[in-house]
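Undergrad: Model the structure of this input:
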Amino acid sequence: MDDLDMASCCRSAWPLMQQAWQQHGNTAAFWDAYQRLLSEHDQGELAARDCANRIARMAQRLGAIDVAMLV
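TA: Just a heads-up that it's a prediction; the model follows:
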């Protein structure tokens, strides 16, 4: 998973994103899980913005969006 797995934020968020995607697909429940990750996830060594950008790229990688909007 290239640079997404380098930070602790990403190592623990990626399986949670995959699980939400498998359970809910591109529905409100998936996006609720996404928002929860953004607000509650341990950001480890990353700044909040960097963690949010990587989680957005995870949603893109899963197919939830065509292009991630980065902040």
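
Undergrad: Give me the below-cutoff pLDDT ranges for the chain.
TA: Where the chain drops to pLDDT under 70, the residues are 1-6, 42-45.

Undergrad: go with 80
TA: For the chain, the stretches with pLDDT under 80 are 1-11, 40-48, 71.

Undergrad: Strands along that one, start to end?
TA: In the chain, no strands are found when defined by DSSP state E.

Undergrad: list the buried ones in the lengthiest helix in it?
TA: Longest helix in the chain, counting residues (DSSP state H): helix 8-24. Within helix 8-24, the residues that count as buried by 16 or more other CB atoms under 10 Å are 9, 10, 13, 14, 16, 17, 20, 21. The way it works is simple: take the backbone N, C-alpha and C, and place the C-beta from them, glycine included.

Undergrad: State the distance from the fifth one to residue 30.
TA: Counting by CB to CB, to the nearest Å, the gap from residue 16 to residue 30 is 11 Å.
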